[in-house]
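> Provided below are the primary sequence and the corresponding predicted coordinates.
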Amino acid sequence: MTPAGQHGLQTQLLVLQATPFCNIDCSYCYLPTRQDTRRMDLATVRAAARHLREDGLLGDRLAIVWHAGEPLVLPPVWYEAAFDVLAEELRATAGLVSTQALQTNATLVDDAWCDLFLRHKVQLGVSVDGPAALHDRHRRTRRGGPTHARVLAGISRLQERGVPFHAIAVVTAATLADPAAFFDWFEAHGIHELGCNIDEAEGVNARSSLQGSAALERAHAAFMAEGLRRHQAGRVLLREIAQAQQLLAAPLPRWNWAGAGAGARVGASPGWPANAQVQPLALVTVNANGDFGSFSPELPGQAWPAYGNFVLGNVHEGGYLQALCKPAFTRLWTDIRRGVQACASACPYFEQCGGGAPANKLYEHGHLHGTETLYCRSMLQRPFDAVLNAAEAALRPRLQEHCA
């Protein structure tokens, strides 16, 4: 086995599933086990962090995200203990800065949660789809009732207590009918940091409302144009536009892969643009029972027999590097690598993307070695084109003056 720290692999993001259970039932959710009430125990939290340290996968920064279920189903006292465990395991890594983030539907937010978020500087994301008519169409209780009022109450509590947060909305076909009303709602409620995920065909959500229509794709382009106008005016910080601006300003770092299994190394020679979703162990997801996977965080636990449900190992049975020696990793990585190579040879956006999202390739194409997806077009290509076109438009008068 490659000695810890000498392989060049580095985990940037650790996704921890405190519980797969969710207290609401969104129609577009990808999770197959959101009725499962099991909880991650602290021994699993400890093992998840310890293997990162022992395998030499820690660099100078690590983002820890609690997600994939509703994290607030567990009480604040559990997170106090979990944060302590993580701190104990990670403090031995010199120079490491770790952050805690949590994605919630906000229906359970109260003062105890606000105290925890403030005390530990948790980077908080709130899932809300904008106006009630849009939100309640998909984000409903387990009995089919609306959730918007409860979410708004949670948001109000966060704002009253001064807890910083950003919002993440799922954009469906209905959202595209009135982009101005969508963005107006966030501005009216004092929410100025926003990410707009698309309704994705993924996991148990077999079909996206945005699929199969050129008109819908044009409508999404108009939606993104409206978002760009708001972003440029300082009315909303739109994640997709900010990321596109960053890509335009500076190229992605590059990485390459040499060898196979746990003896492989990441070299310094020119390779592919960095994309954590296609880099082994750059992104590690640990489910509540300790099963772990890499690449797209939506994959581990999904039913796909050819890939062993995308589980590479269990933190109670061995480390992350050890998993790279197993056939489950070899099969998965071989097909993901084929997909990246296909993107490199065919996609004009490859330098801004680095190979797409394996989960979207799988659920849109039926395999991992495809190229462009609805996700690619919506989440990367259109925002990038919008920013690039705006930059060119701003420069055009100067060029005309210079050439006159």
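Done, it's in. Numbers count the residues shown, from 1 in each chain.
> How are the strands of this structure distributed by residue range?
13-16, 24-26, 61-66, 97-104, 123-127, 139-141, 165-171, 193-198, 237-238, 254-258, 265-273, 283-286, 291-294, 313-314 (DSSP state E).
> A394: neighbour count?
Close neighbours of A394, defined as other Cβ atoms under 10 Å, add up to 10. For the C-beta atoms, the positions are set from N, CA and C on the backbone; glycine is no exception.
> 556 is where my numbering starts, stick with that
OK, 556 is where the count begins now, so the last one is A949.
> Quick one, grab the pLDDT at it.
At A949, the predicted lDDT confidence score is 79.
> sorry, back to before: which one of the strands of the chain has the lowest average pLDDT?
Checking each of those, the one with the poorest mean pLDDT is strand 820-828, at a mean of 64.
> gap between L887 and R594?
28 Å (Cβ to Cβ, to the nearest Å).
> same check, this time on W827
Per Cβ to Cβ, W827 is found 38 Å from R594.
> more crowded one of these two?
More crowded of W827 and R594, by other Cβ under 10 Å: W827, with 22 against 18.
> who's in contact with the residue lying closest to R705 once chain neighbours are set aside?
Nearest residue to R705 in three dimensions, chain neighbours excluded: T662, at 4.3 Å (Cβ to Cβ, 6 or more residues apart in numbering). By Cβ atoms under 8 Å, 6 or more residues apart in numbering, T662 lies in contact with N578, I579, L627, T702, R705, V706, G709.
> Same question for D684.
D684 neighbours (Cβ under 8 Å, 6+ apart): H690, R692, H693, R694, A724, V725, T727, T730.
> can you do 7 Å?
H690, H693, R694, A724, V725 (Cβ atoms under 7 Å, 6 or more residues apart in numbering).
> What separation is there between the last one and K916?
Counting by Cβ to Cβ, the gap between V725 and K916 amounts to 20 Å.
> Looking at those two, which has the bigger crowd around it?
The neighbour count for V725 versus K916, taken as other Cβ under 10 Å, is higher for K916 (27 against 24).
> which residues sit in contact with that one?
Going by Cβ under 7 Å, 6+ apart, K916 touches G894, L923, G925, T928.
> With adjacent residues omitted, what lies nearest to P631?
L671 (4.5 Å).
> what about the helices in the stretch 606-755 of the chain?
Taking DSSP state H, counting those that start in this stretch to define them, one finds helices in the stretch 606-755 of the chain at 631-645, 666-675, 687-693, 703-716, 734-743.
> Distance to Y904 and mean neighbour count for those - can I get that in a markdown table?
Listed next are these as a markdown table, based on distance: least, Cβ to Cβ, whole Å; neighbours: other Cβ atoms under 10 Å:
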| stretch | distance to Y904 | mean neighbour count |
| --- | --- | --- |
| helix 631-645 | 35 | 17 |
| helix 666-675 | 36 | 16 |
| helix 687-693 | 29 | 18 |
| helix 703-716 | 34 | 17 |
| helix 734-743 | 23 | 17 |
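> Need these in TSV (columns: distance to W812 and mean pLDDT).
Below are the helices of the stretch 606-755 of the chain laid out as TSV (distance: least, Cβ to Cβ, whole Å; pLDDT from 0 to 100):
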stretch	distance to W812	mean pLDDT
helix 631-645	26	97
helix 666-675	35	98
helix 687-693	39	97
helix 703-716	42	98
helix 734-743	40	98
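> want to throw these into a markdown table with distance to N760?
Shown next, in a markdown table, are those (distance: least, Cβ to Cβ, whole Å):
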| stretch | distance to N760 |
| --- | --- |
| helix 631-645 | 28 |
| helix 666-675 | 28 |
| helix 687-693 | 10 |
| helix 703-716 | 20 |
| helix 734-743 | 21 |
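> A949: which of the contacts of T662 is nearest?
Closest approach to A949 among these (Cβ to Cβ): V706, at 37.7 Å.
> Identify the residues contacting that closest one.
Counting by Cβ under 7 Å, 6+ apart, V706 has contacts N660, A661, T662, V683.
> now, among those residues, which is nearest to V870?
Closest to V870, out of all of the contacts of V706 and judged by Cβ to Cβ, is N660, at 26.9 Å.
> Can you read off the pLDDT for that closest one?
98.
> swap in L836?
Confidence score, pLDDT, at L836: 96.
> gap between it and A647?
19 Å.
> Now do the contacts for the spatially closest residue to A756 that is not a sequence neighbour.
Once flanking residues are discounted, A756 sits nearest to S763: 4.4 Å by Cβ to Cβ, 6+ apart. The neighbourhood of S763, defined by Cβ under 7 Å, 6+ apart, consists of D754, E755, A756, L929.
> Make JSON lines out of these and add pLDDT.
Converted to JSON lines, the contacts of S763 look like this (pLDDT from 0 to 100):
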{"residue": "D754", "pLDDT": "94"}
{"residue": "E755", "pLDDT": "93"}
{"residue": "A756", "pLDDT": "90"}
{"residue": "L929", "pLDDT": "95"}
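> Return, as residue ranges, the portions of the stretch 806-955 of the chain with sub-threshold pLDDT.
Low-confidence segments of the stretch 806-955 of the chain (pLDDT under 70): 813-825, 951, 953-955.
> what about 50?
Within the stretch 806-955 of the chain, the ranges that satisfy pLDDT under 50 run 815-817, 822-824.
> for it, what spans make up the helices?
With DSSP H, counting those that start in this stretch as the criterion, the stretch 806-955 of the chain has helices spanning 875-878, 882-901, 905-908, 913-920, 929-931, 937-958.
> who wins for proximity to Q857 among those?
Among the helices of the stretch 806-955 of the chain, if distance is taken as Cβ to Cβ, the winner is helix 913-920, at 8.1 Å.
> ok and that closest one relative to strand 748-753, angle-wise?
30 degrees (axes from the mean of the first three to the mean of the last three Cα atoms, to 10 degrees).
> so how far is helix 913-920 from its chain's centroid?
Centroid displacement of helix 913-920 relative to its chain, using Cα atoms, centre = their mean, to the nearest Å, is 15 Å.
> just stretch 917-929 next, same as before
Worked out by Cα atoms, centre = their mean, stretch 917-929 lies 18 Å from the chain centre.
> Between its first and last residues, what's the separation in it?
Start and end residues of stretch 917-929 are separated by 12 Å (Cα to Cα, to the nearest Å).
> How about it, which residues are buried there?
L917, Y918, E919, L923, H924, G925, T926, E927, T928, L929 (16 or more other Cβ atoms under 10 Å).
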